[in-house]
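> When you get a sec, could you give me coordinates for this:
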Amino acid sequence: MPSLLEVLKFLGAGVLGLTLGVEGLSWLYRRLKPAGSSRISEVLFFPCESHCMESLFSDGRVSGDQCVCGETHSTALQSSPVDPFYRMLSHLLSARVSLDICVFSFSNFELSRAVLQLHARGVRVRVITDRDYQTIQGSQIGVLRKAGICVRHELSRSVHMHHKFCIVDGRLLLSGSLNWTMTAVQSNQENVLVTDHADIVAPYLAQFRRLWEANDPARHTHSPGNADTYAPRHHGHVHKGHYADRVKGLVHRAEVEKHTASNGHVYQQ
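Sure thing, here's the model as predicted:
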């Protein structure tokens, strides 16, 4: 008759084998499942017409008769939600735990409203944006910061943070050419890919985490004379090219603002 120790060893080996078997089947399923079997997979194309999105922000409680927006109401879209901006907002507002945003230009009021609403619900929101365009007239970045949302900007002087993607709850990716501006939504030829395919989402998650850490202000020296100035440390010393790069950035920003003012509109690439 086997001893108690032998029985325990046998049971332990069985549990281990079962665990490895389940993990193996899970891995095999992920590798062999059809490419189109993700729960969410679509491409949104812009531009699109202006519609009232109030029903999205009020859980559908607003009817066309109640809304005084003066625009085409989205009541028809509720039964057939094919409007790309409606779809994009719906995906964003589906967040329950986290929303990570990496976007070059952010001035769209309705997208800002969606992000603020998620923050108010307790969703953890993090934003990475470009250092020059975060202060362009009409930018919503300051609004987000005032609401308590953590925003970091690209600290490097030599490159722009030109990504346009976000990740909902660490599992749903929205990525494409679309800047988060009204011009991009209503006037430009743009695209946004939406997918929850794990093999596609994972590298974007890794890239966001890398950029979030790389642009942590605590890892750079801070100039008390300018709250928007961060100089990278190089072996304990401020890099010599820092100030020249800072001047170039300010000149570039001034040229953009001068150009947009002369044309009577706000830059919203």
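> Does residue 85 touch residue 53 like I think?
Yes - between residue 85 and residue 53 there is a contact at 7.3 Å, judged by CB atoms under 8 Å. C-beta coordinates here come from the backbone N, C-alpha and C atoms, glycine included.
> Looking at those two, which is more packed in?
residue 85 (26 against 23; other CB atoms under 10 Å).
> Quick one, grab the pLDDT at the more buried one.
If you check residue 85, the pLDDT there is 95.
> do residue 198 as well
96.
> what about residue 45, which SS state?
When classified by DSSP: H, G, I helix; E, B strand; the rest coil, residue 45 comes out as strand.
> For it, which non-adjacent residue is spatially closest?
residue 191 (5.5 Å; CB to CB, 6 or more residues apart in numbering).
> And for that neighbour, the neighbour number?
13.
> Ok, residue 104 next?
Per other CB under 10 Å, the neighbour tally for residue 104 reads 20.
> just the one 3 residues further on next, same as before
One way to gauge burial is a neighbour count; for residue 107, by other CB under 10 Å, it gives 24.
> sorry, back to before: what touches both of residue 85 and residue 53?
residue 110 (CB atoms under 8 Å, 6 or more residues apart in numbering).
> picking up where we left off before, quick check, the residue nearest to residue 45 in contact with residue 176.
Yes - assessed by CB under 8 Å, residue 191 is found in contact with residue 176 at 4.4 Å.
> anything in contact with each of those two?
residue 44.
> Going along the chain, name the strands of the stretch 151-269 of the chain.
164-168, 172-176, 190-195, 221-222, 230-231, 233-234, 237-238 (DSSP state E, counting those that start in this stretch).
> Residue ranges in the stretch 101-250 of the chain under the pLDDT threshold?
Applying pLDDT under 70 to the stretch 101-250 of the chain flags residues 221-250.
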